[in-house]
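Colleague: give the three-dimensional model of this entry:
(3 chains)
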Amino acid sequence: MNHEEKILSELNKTQQDAVSKIDGPLMVIAGAGSGKTRVLTYRIAYMLTKGINPFNILALTFTNKAANEMKERIKNLVGDASAKAVNMGTFHSVFYKILRVEGEKLGYTRNLTVYDTDDAKGVIKNIVKEMNLDPKVYLPNFILQRISAAKSSLLSAEEYARSPEIIETDARIGKPHIAEIFLRYNARLRQSDAMDFDDLLYYMNVLLRDFPEMLYKYQNRFRYILVDEYQDTNFAQYLIVKKLAAAHHNICVVGDDAQSIYAFRGANIQNILNFKKDFPSAETVKLEQNYRSTQNIVNAANAVIKHNKKQIHKEVWTDNDEGKKINVIRSSSDSEEAQSIAFSIFETKQNEHVNNKDFAILYRTNSQSRALEEALMKMQIPYKIFGGLSFYKRKEIKNILAYFRLAINNYDEEALLRVINYPQRGIGATTVDKLKVTSSQNNVRIWDYVQNPDNLDLGAATKAKLKDFALRIKSFSTMIPTTDAYELGKHIAISSGVIQDMKADIAEKDRLDNVEGLIDSMKEFVEKEPETEFNEETGELITEYFPSLDRFMSNVALLTDEENKDDESQDRVKLMTIHASKGLEFDYVYITGLEENLFPSSMSLGSSAEIEEERRLFYVAVTRARKHLTLTCAQTRYKFGSLQFCEPSRFMEEIPYKYMNVTEKASAGRKLEKKSPLSFSSERDKTFVKKVAKPAYQKVTPQEVNLKQFGNPAEVGEIVPDIRVYHSKFGYGQVLGTDGAGPDKRAVIKFDTVGEKTLLLAYAKLIIPK
DNA sequence: ATGGAGACCTTTTTT
DNA sequence: AGGTCTCCAT
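Modeller: This is a model prediction of the structure:
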């Protein structure tokens, strides 16, 4: 059997169709758990064994996680080299790479910075302020949504300002200056050599629209296009894909309309519904066999999604066992809900000899994670929160990254404003305001004034401080080409005073650890085998390059989450929002907070379209489970610090009772007599409320708890050859030897799972196991 | 210029 | 409850 046949032999008939039809347009409607990722990865592997150049394949995903996972799986099928060479990533990251190279045609440079949502909001806040508008009327969030919606539908700021309908709408809602803000916002970003998330898609469209040679180049480069989660693409994404595929027509889109959960940010289900119109010769393959879940789960999910009117017809079915009934636990309060989940996990682990990592707890909003964390801590169950306050969104990380950004791109104004007085160097709000005002009046970049403040109305001491700051940043900038990312990162962290500032405050310990963690990751970046890159002109493979700070930053810019490659080696319960769980699967799943106004969210009660999106979200949640599903809800919950009464979610009642098993929990764990599964008399509700008691627990940070189970933090002096240590990222290992002294002392450690690493002890946080 | 006290708002979901 | 913003005292 040759390689090709082997690939096909591991698939069912419909999957084979989806994999082997590589020429011409194809739409794959993939039901939940039907092996969608398998089809995508096997399809790419199949193409590679057929001799297609990986350079000509473009695979677009929605999240970094999905891209990494697919890359990993293709590697296992066809080997490292060709897997690496496939152009694979999120829409945003792939187009960012292209725009860094081609952006000069659009007036940007290679140092192009990406502004995240916080940066964008900062810009808007400044503009609202300098226009003397009421910040309560012109809320940054709202403005940004308007701008984002416009850009996602490829409407420029000028077109926005010219459109009578839009102007009328904005006037009607009492915000007539949005158009002006939009114009200034774009100008400000351009001046900062920066793009926001939506710009990456918008300008990619401009590039393909206004530069025929670019269209030609990328059409020929990306001869085979695959798009994952097609139901979640917005207009800008849709049009890029359509344009790129227009020459060769080798486009395969994979999606499931039932799992479209991003309409709120502009995703358009019509894209998948209209695929046949755009590509009349398109074939459609429907994957309907679910390999993931038990019959109970599949049946329940089907019953739920039936309540939606708009959908592509499909019958998802499974050959798997009937499985256990879906558990429903109703608790009196949010903290009790969390406790009963923790207890259920504990019990299941005992009875079925399974691991922590086989469990996932899903919730609608990030704020629900707190109660769950507390309960898990109390029961000593290790856990990991995915998403939420992601690593790269933490203040200390953003601060240090702002230094890096500013060193790379001196015009990055948001980065400049973030660090101009951090750590404090006597450049206070008054000075900064003066800089902002003068800069916007004279249309001069703030950076230029910081470098040369002589003509400004400022005291001599202040001017000296500004110059000093500029010189320092400049000195970082000049080091970029010659100093690797790790060395320069370390240098900036220290000589900017950031490290010292955090060391001064013992309460900043965790933050310091995070910054040191970032610098550790820079060391890894410098040491690891370089990513394969292409020379844009020749298509030639480049594997050797200098691991400079700007390269590091271009890799990090669009990461929204910590790398979690070693997830599976960490035995922890997983906590995440349902949105973040899309595409993943777990043996045991808990869906929490099934209450009206929470899930479905109170924000979505306005229209049936929004309720349907919430229902699809619930469908996604249910179909994450392989073996067993538990639904939980509480009768009271703290919201904004005050106690709220909650009704069970309508979604629970959409699951036929025959698939469920209902448990009611009072605070003492006492079982209550039950009548109908989900209705409670108001009187009983009151008795529940009385019993709500705050558990007495000691407030400890997750880090502390997680460390405690492994041992005590090691002093640098304790690290000697032969001892066993634990590292939060690499796990257990043995010290082979040490080298250097003082802050430069290093240890070579052989880790059980990841092999030998050299760590700088001042940065590595090692633990001596109990 | 800085820091602390108090008012105020928040919660969808993410690249 | 927790974070951010505003105002006032130092």
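Colleague: next up, phi/psi of residue A:131, please.
Modeller: phi -90, psi 0 (degrees, to the nearest 10).
Colleague: so it touches residue A:179, yeah?
Modeller: No - counting by C-beta atoms under 8 Å, residue A:131 does not reach residue A:179; the two are 11.8 Å apart. Every C-beta, even on glycine, is put in place using the N, C-alpha and C of the backbone.
Colleague: so the two - more neighbours on which side?
Modeller: Neighbour count, other C-beta atoms under 10 Å: between residue A:131 and residue A:179, residue A:179 has more, with 21 against 13.
Colleague: could you check the pLDDT of that one?
Modeller: Residue A:179 carries a pLDDT value of 93.
Colleague: tell me which element the closest residue in space to it that isn't next to it in sequence falls in.
Modeller: If the residues on either side of it in the chain are set aside, residue A:179 comes closest to residue A:161, at 3.9 Å by C-beta to C-beta, 6 or more residues apart in numbering. Assigned by DSSP states H and E, residue A:161 falls within helix A:157-162.
Colleague: got the buried residues for that helix?
Modeller: A:157, A:160 (16 or more other C-beta atoms under 10 Å).
Colleague: what helix or strand is residue A:281 located in?
Modeller: Applying DSSP H and E, one finds residue A:281 in no helix or strand.
Colleague: go on, the one 4 residues further on?
Modeller: Taking DSSP H and E as the criterion, the element that holds residue A:285 is strand A:283-287.
Colleague: who are the packing partners of the helix or strand containing residue A:48?
Modeller: Per DSSP H and E, residue A:48 falls inside helix A:36-49. With contacts defined as 3 or more C-beta pairs under 8 Å, 6 or more residues apart in numbering; DSSP states H and E, the packing partners of helix A:36-49 are helix A:3-9, helix A:13-20, strand A:26-30, strand A:57-61, helix A:64-78, strand A:224-227, strand A:251-255.
Colleague: one more pass at 6 Å, please.
Modeller: helix A:3-9, helix A:13-20, helix A:64-78 (3 or more C-beta pairs under 6 Å, 6 or more residues apart in numbering; DSSP states H and E).
Colleague: can I get the second one as PDB, trimmed to CA atoms?
Modeller: As requested, C-alpha coordinates have been extracted for helix A:13-20 and formatted as PDB (Å, rounded to 0.1, in the frame of the first residue of the first chain):
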ATOM      1  CA  LYS A  13     -16.200   6.900   2.500                       C
ATOM      2  CA  THR A  14     -17.500  10.500   2.800                       C
ATOM      3  CA  GLN A  15     -14.300  11.600   4.400                       C
ATOM      4  CA  GLN A  16     -12.400  10.000   1.500                       C
ATOM      5  CA  ASP A  17     -14.400  12.100  -0.900                       C
ATOM      6  CA  ALA A  18     -13.600  15.200   1.100                       C
ATOM      7  CA  VAL A  19      -9.900  14.400   1.100                       C
ATOM      8  CA  SER A  20      -9.300  13.200  -2.400                       C
END
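Colleague: assign residue A:52 to helix, strand or coil.
Modeller: Counting by DSSP: H, G, I helix; E, B strand; the rest coil, the backbone at residue A:52 sits in coil.
Colleague: number of residues surrounding it?
Modeller: Residues near residue A:52, counting by other C-beta under 10 Å: 18.
Colleague: kindly report the same for residue A:377.
Modeller: 22.
Colleague: please apply the same query to residue A:604.
Modeller: 18.
Colleague: quick check: the closest residue to it other than its chain neighbours vs residue A:278, distance?
Modeller: Distances taken as C-beta to C-beta, 6+ apart place residue A:610 nearest to residue A:604, at 3.8 Å, with adjacent residues excluded. According to C-beta to C-beta, to the nearest Å, residue A:610 and residue A:278 sit 27 Å apart.
Colleague: cool, and residue A:2?
Modeller: 35 Å.
Colleague: do the same with residue A:375
Modeller: 49 Å.
Colleague: and if you look at residue A:174?
Modeller: For residue A:174 relative to residue A:278 (C-beta to C-beta), the value is 39 Å.
Colleague: what about these two, which has more around it?
Modeller: Neighbours were counted for residue A:174 and for residue A:278 using other C-beta under 10 Å; residue A:278 has more, 16 against 9.
Colleague: torsion angles phi and psi at the more buried one?
Modeller: phi -70, psi -30.
Colleague: residue A:144 too?
Modeller: phi -60, psi -40.
Colleague: could you find the closest non-adjacent residue to it?
Modeller: Using C-beta to C-beta, 6+ apart, the nearest residue to residue A:144 is residue A:120, at 5.6 Å.
Colleague: hmm, the one you found is touching residue A:197, no?
Modeller: No - the pair residue A:120 / residue A:197 is not scored as a contact, 8.1 Å apart, by C-beta atoms under 6 Å.
Colleague: residues from chain A in reach of DNA strand C?
Modeller: Contact residues (C-beta under 7 Å from any atom of the strand) of chain A with DNA strand C: A:125, A:135, A:395, A:638, A:640-641.
Colleague: could you rerun that using 10 Å?
Modeller: Taking C-beta under 10 Å from any atom of the strand as the contact definition, chain A meets DNA strand C at A:118, A:121-122, A:125, A:129, A:135-136, A:140, A:367, A:370, A:389, A:393, A:395, A:429, A:638-642, A:694, A:699.
Colleague: buried subset of those residues, written for ChimeraX?
Modeller: Only the buried entries of the residues of chain A next to DNA strand C go into this ChimeraX selection, using 16+ other C-beta under 10 Å:
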select /A:121,122,140,638
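Colleague: might you enumerate the residues of the stretch 451-600 of chain A proximal to DNA strand B?
Modeller: Residues of the stretch 451-600 of chain A lying near DNA strand B (C-beta under 10 Å from any atom of the strand): A:458-459, A:461-462, A:465, A:557-561, A:576-582, A:597-600.
Colleague: any of those buried? List them.
Modeller: Of those, these count as buried by 16+ other C-beta under 10 Å: A:458, A:462, A:465, A:557-558, A:560-561, A:576-582, A:597-600.
Colleague: helices - which of those residues land there?
Modeller: A:462, A:465, A:578-581 (DSSP state H).
Colleague: dump those residues to CSV, plus pLDDT and distance to residue A:24.
Modeller: Listed next are these as CSV, based on pLDDT from 0 to 100; distance: C-beta to C-beta, whole Å:
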residue, pLDDT, distance to residue A:24
A:462, 89, 66
A:465, 91, 64
A:578, 94, 35
A:579, 92, 33
A:580, 87, 34
A:581, 90, 34
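Colleague: which one of those residues is nearest to residue A:249?
Modeller: Nearest to residue A:249 among these, counting by C-beta to C-beta, is residue A:579 at 32.6 Å.
Colleague: grab the nearest non-local neighbour of that closest one.
Modeller: Using C-beta to C-beta, 6+ apart, the nearest residue to residue A:579 is residue A:261, at 6.3 Å.
Colleague: the one you found - that's part of a helix, no?
Modeller: No - counting by three-state DSSP, one finds residue A:261 to be coil, located in no helix.
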